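[1] Provide a 3D model corresponding to the input given below.
(2 chains)
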Protein chains: 2
Amino acid sequence: MASEAATDEASDAYSKFIRKVKRLENLGQAETVLSWDQEVMMPEGGTPARSKQRSALSTVTHEILTSDEMAELLDELEGEDLTDEQEAVVREVRRAHDRKSRVPEDLVEELSEVSSEAMPVWKEAKAEDDFSKFAPTLERLVELRREYAEHIDPDRDPYEVLFEKYEPYLGVDTAEEILQRLRDELVPLVDAIRESDAELATDTFTGEFDTDTQEELARDVLDELGYDWEHGRLDTAPHPFSAGNQFDARVTTRFNPEEPLGALMATVHEFGHATYTLGLPRDHYATPLGDSRDMTVHESQSRLWENHVGRSRAFWERFLPTMQDRFPEKLADASVEDAFEAANEVYEDNLIRVEADELTYHMHIVVRFEIERDLIRGDLDVEDVPEVWNDKYEEYLGIRPDSDAEGCLQDIHWSHGDFGYFPTYSLGSVLAAQLFASAEDDIENLDDKIAAGDFEPLHEWLTESVHRHGSRYTTDDLIREATGEDYTADYFLDYVKSKYGDLYELDDYQ
Amino acid sequence: MASEAATDEASDAYSKFIRKVKRLENLGQAETVLSWDQEVMMPEGGTPARSKQRSALSTVTHEILTSDEMAELLDELEGEDLTDEQEAVVREVRRAHDRKSRVPEDLVEELSEVSSEAMPVWKEAKAEDDFSKFAPTLERLVELRREYAEHIDPDRDPYEVLFEKYEPYLGVDTAEEILQRLRDELVPLVDAIRESDAELATDTFTGEFDTDTQEELARDVLDELGYDWEHGRLDTAPHPFSAGNQFDARVTTRFNPEEPLGALMATVHEFGHATYTLGLPRDHYATPLGDSRDMTVHESQSRLWENHVGRSRAFWERFLPTMQDRFPEKLADASVEDAFEAANEVYEDNLIRVEADELTYHMHIVVRFEIERDLIRGDLDVEDVPEVWNDKYEEYLGIRPDSDAEGCLQDIHWSHGDFGYFPTYSLGSVLAAQLFASAEDDIENLDDKIAAGDFEPLHEWLTESVHRHGSRYTTDDLIREATGEDYTADYFLDYVKSKYGDLYELDDYQ
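    Model (predicted):
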């Protein structure tokens, strides 16, 4: 009888708890709609009202998440005999609750104010190519974020604490190890490519490509890959992103007459994010079991589709004819090999992260990671950032920025007060390679299937191995569950060495 | 000292109160964004998640509005010495609080469930032209709404209580009086028109009009009227509507190749709603002082622009050349008089409210008003609705529906459980005429200004007289403030008698 009563009680507490969780998540989803609308649809003059709407929503969700009632329910549930699913939900909500509850409201407000004010300051400093104008603001943001991290856990490395906002389970040690390995192994590879005499067909997609036709092509590629239009849509945005939930996951992209390949790859990238979202279990909507795992896993899905599918020879076998139909005059003579080469060019002297190729991209990340980590840990002074930045670019990429605008002022993230985010871009690429290798093991002739436009087996594998689990597993468990192995950069390094060794005819890498 | 302390206390309570009000209104505005997106942008498959998001938002706002804390603040503030503005805010929130607090949650949930289930039942009954299939559901909805009204005020006529949801201050007696007068005076006018030999140029806009060009024309007309694109946008929706706030008020319309005039007038109508919203004071955003007054006033703004501007001879003098530029082949020979006549045709045998002309429209409303009032008051049985409906159409419009689908099943409103809404359509038209007459008094040669495309004086007059007041005044006070007179149907009746008497060459009306 006692045990039965205990079960009833647990179930009662859990019911109360899950009702609150669903409300929280639905309000969070409402915020996502407001944010999508703001980026894609809202007339500019709507900003003052929209900011207040979003702030009201975030106040309400903050209050629910950090309420005494939520704290009591979490405590109560931790003593209960829960199912694995229930435990996973409690684990995720507990983590969010603890992080949010420990930071005083004043500090959150100050951070929000300083970040709002930082944006225009950063913009101006960038426009005027003058880091010193942004330095005091950056200094303040670093201080506030260190304070923030200390509230969450005074006994741990503050960068570790901040990093866990974006990737809660892999650990900053793993990130550090992986990024160091990328640095150590990619710097010589990039050097070798720079010295190669191989001539790639890098002018395959040069010229002016009508943007309306580019949009049709973006719809073609989404059709081809199996995007579910009943649960999605395509729009344009200045900074492509995807947003939504398993019932409604939308893609945005952007078009530039001179960059048809850029638009296409951005579309495929965002498709990867959206298709992950659409693969989350519908019956767990608005609970962690129906939420995506964090940034590393999300980015692995976009990179897998962008790089392992979209930049593969097999994909171009399938897709080049479609692109030729859309742009017959420009592409009539292009071969699959030309398109493949153009899609995999390693740029000689690009300083800008968002314009980087698949390979050198990670050196951009390593620079940012090392600098932000040292800033937050107090091992680097803000005033030294430009010099250190430029030195690192010279060391890792063999090019030195002439200006702060093209150097340490290029990205918006720090002005938002976001530290710890950048590494997840590389961690995601690394995971993409590991997952794709595992999919290749499991799916017979995956390459042939891609070349034949049969993407269903890959979708099924990803849904089965990753998407359907939502946030049921921690990131490391999810990787083991999906691939049978611990997280590793081996597959990524093998993949890039083999691909670029081959393309650039590098004896040491083939 | 005591008095000073009292003031401080009042101010403290008011600050707390207004913070809550703003949060409430911002959450309400968030709901508006979700609803706009759902109608205009959302992929169909997004419905299950969107319903839950909207329901979470409405639960949260319901809880804030009906909370004990809100009740206490309202009580406290009613004893305080408030400014006029503060009193208006308290009055509006008190009304909303009382209505929501008095109805038990169970009943609200049941109504919401029964209405959700009613929609498909109504659709099927309409498709199969079989009222008996919808009758039990309608019966249940009537019962639930009567119960609902009884909770709000057991001592008053339940229809009056329901009507006040949409028009809180004019009173159902006024509505009844006005609608009866419309019936008494318009039925003979419609009869006279039916007997007239006048031949209007009703085929001016017949043929197929490319819908892309129609959209350009809709943008032309919005430009012409002075729509503020920095704070708005135009999209299409199956049922045109407008939505938003003073920073972001959006218009939707719909295009049909055979109905260029319909699309144009729908656009002007929705522009009227949006321009009211945009005229609300920005510094009172998210409080009743920055909210529009209710349905009657809102509809007066859309009808004023649609009918008194968009269907005027002056407007067509100005706008016909633009339309001819867009459709040169179709409209080269059309004269201003042709366009004016076509825009003011009184249809011979239209049974459908949403397709009605400006004049007979009100007979459609009178029928619905009389029937829903009698249903809610218990003076009419649901099973008798089709017969009574058809009899009234015969009596007021001289035409008898052959089917329920084209009769009492045509509108969606009752299946939503909405009773009391229909009258505000006519009340708004009546007010539009009164306001326009007053504007004509105040603005020298308003007609000439419209013909010259100078809409600024009318905008200014409406902003000054109506928009900038938000919900500061009750509806009746607002009308007196704007026109110097009590609400009256005199202007509307004079306007239609004169316009249609002239157009249809009716001796008794010229």
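
[2] Quick check, pLDDT for the residue of the stretch 151-300 of chain A at minimum distance from chain B.
    Nearest residue of the stretch 151-300 of chain A to chain B: residue A:248, at 3.1 Å (CB to the nearest CB). C-beta: built from backbone N, CA, C; applies to glycine. In this prediction, residue A:248 carries a pLDDT score of 98.

[3] Residue numbers of the stretch 151-300 of chain A in contact with chain B?
    Residues of the stretch 151-300 of chain A found near chain B, taking CB under 8 Å from any CB of the partner chain as the criterion, are A:228-233, A:244-248, A:250, A:282, A:285-286.

[4] so which of the residues you listed is the most crowded?
    Neighbours here are counted as other CB atoms under 10 Å in any protein chain shown. On that basis the top member of those is residue A:248, with 31 neighbours.

[5] Show me what that one is bridged to.
    Note on residue A:248: beta-bridge partners residue A:245, judged by DSSP bridges.

[6] okay but it is in contact with residue B:49, surely?
    Yes. The criterion here is CB atoms under 8 Å, and residue A:248 meets it with residue B:49 at 6.0 Å.

[7] Tell me where the stretch 351-500 of chain A has helices.
    With DSSP state H, counting those that start in this stretch as the criterion, the stretch 351-500 of chain A has helices at A:361-377, A:385-397, A:423-442, A:446-451, A:456-465, A:475-483, A:490-503.

[8] by contact count, what packs against the shortest one?
    Counting contacts by 3 or more CB pairs under 8 Å, 6 or more residues apart in numbering or on different chains; DSSP states H and E, the secondary-structure elements packed against helix A:446-451 are helix A:313-326, helix A:423-442, helix A:456-465.

[9] ok, now with 6 Å
    In terms of contacts (3 or more CB pairs under 6 Å, 6 or more residues apart in numbering or on different chains; DSSP states H and E), helix A:446-451 is packed against helix A:313-326.

[10] What average pLDDT does the helix it packs on get?
    Helix A:313-326 shows a mean pLDDT of 98.

[11] Following the chain past it, name the next helix or strand.
    Scanning forward in sequence from helix A:313-326 by DSSP states H and E, the next helix or strand is helix A:328-331.

[12] Could you check the pLDDT of the residue of the stretch 1-150 of chain A found nearest chain B?
    Across the stretch 1-150 of chain A, the shortest distance to chain B (CB to the nearest CB) belongs to residue A:46, at 3.1 Å. If you check residue A:46, the pLDDT there is 97.

[13] Quick one: residues contacting the residue nearest to it when sequence neighbours are not counted.
    Counting by CB to CB, 6 or more residues apart in numbering or on different chains, residue B:248 is the residue found nearest to residue A:46 once chain neighbours are left out, at 3.1 Å. If a contact means CB atoms under 6 Å, 6 or more residues apart in numbering or on different chains, then residue B:248 has A:43, A:46, A:49, B:231 as its contacts.

[14] State the pair within those residues that is farthest apart.
    By the measure CB to CB, A:43 and A:49 form the most distant pair in the contacts of residue B:248, at 10.9 Å.

[15] What is the burial count for residue A:475?
    The tally of other residues near residue A:475 (other CB under 10 Å) stands at 23.

[16] Surely it touches residue A:169?
    Yes. Applying CB atoms under 6 Å as the test, residue A:475 and residue A:169 come out as touching, 4.0 Å apart.

[17] I'd guessed the residue of the stretch 1-150 of chain A closest to chain B sits against residue B:247; true?
    Yes. The pair formed by residue A:46 and residue B:247 meets the contact definition of CB under 6 Å, at 4.9 Å.

[18] Please report how far the residue nearest to residue A:46 lies from residue A:48.
    As defined by CB to CB, to the nearest Å, residue B:248 lies at a distance of 9 Å from residue A:48.

[19] One more: residue A:321?
    Taken as CB to CB, the spacing of residue A:321 relative to residue A:48 amounts to 49 Å.

[20] Can you name the residues that contact residue A:399?
    Going by CB under 6 Å, 6+ apart, residue A:399 touches A:349, A:393.

[21] again, but for residue A:508
    Here residue A:508 is in contact with no residue (CB under 6 Å, 6+ apart).

[22] One more: residue A:236?
    Residues near residue A:236 by CB under 6 Å, 6+ apart: residue A:254.

[23] any idea whether the most centrally placed residue in chain A is helix, strand or coil?
    Within chain A, one residue has its C-alpha closest to the average C-alpha position: by CA atoms, centre = their mean, that is residue A:299, at 3.8 Å. Assigned state for residue A:299: helix (three-state reduction, DSSP: H, G, I helix; E, B strand; the rest coil).

[24] hang on, it packs against residue A:428?
    Yes. Using CB under 6 Å as the test, residue A:299 is close enough to residue A:428 to be in contact (2.4 Å).

[25] Secondary structure element for residue A:109, which one?
    Residue A:109 belongs to helix A:105-127 when assigned by DSSP H and E.

[26] what comes up buried for that helix?
    By neighbour count, with 16 or more other CB atoms under 10 Å in any protein chain shown as the criterion, the buried positions of helix A:105-127 are A:108, A:111, A:114-115, A:118, A:121-122, A:125-126.

[27] try stretch A:14-31
    Neighbour-count burial for stretch A:14-31, counted by 16+ other CB under 10 Å, picks out A:14, A:16-18, A:20-31.

[28] Check stretch A:335-347 too.
    By neighbour count, with 16+ other CB under 10 Å as the criterion, the buried positions of stretch A:335-347 are A:336, A:338-346.

[29] now, the most widely separated pair of those?
    Greatest spacing in these, by CB to CB: A:336 and A:346 (19.5 Å).

[30] Which of the helices or strands spans the residue nearest to residue A:172 when sequence neighbours are not counted?
    In space, not counting the residues next to it along the chain, residue A:172 is nearest to residue A:160; the distance is 4.2 Å by CB to CB, 6+ apart. With secondary structure defined by DSSP H and E, residue A:160 is part of helix A:158-166.
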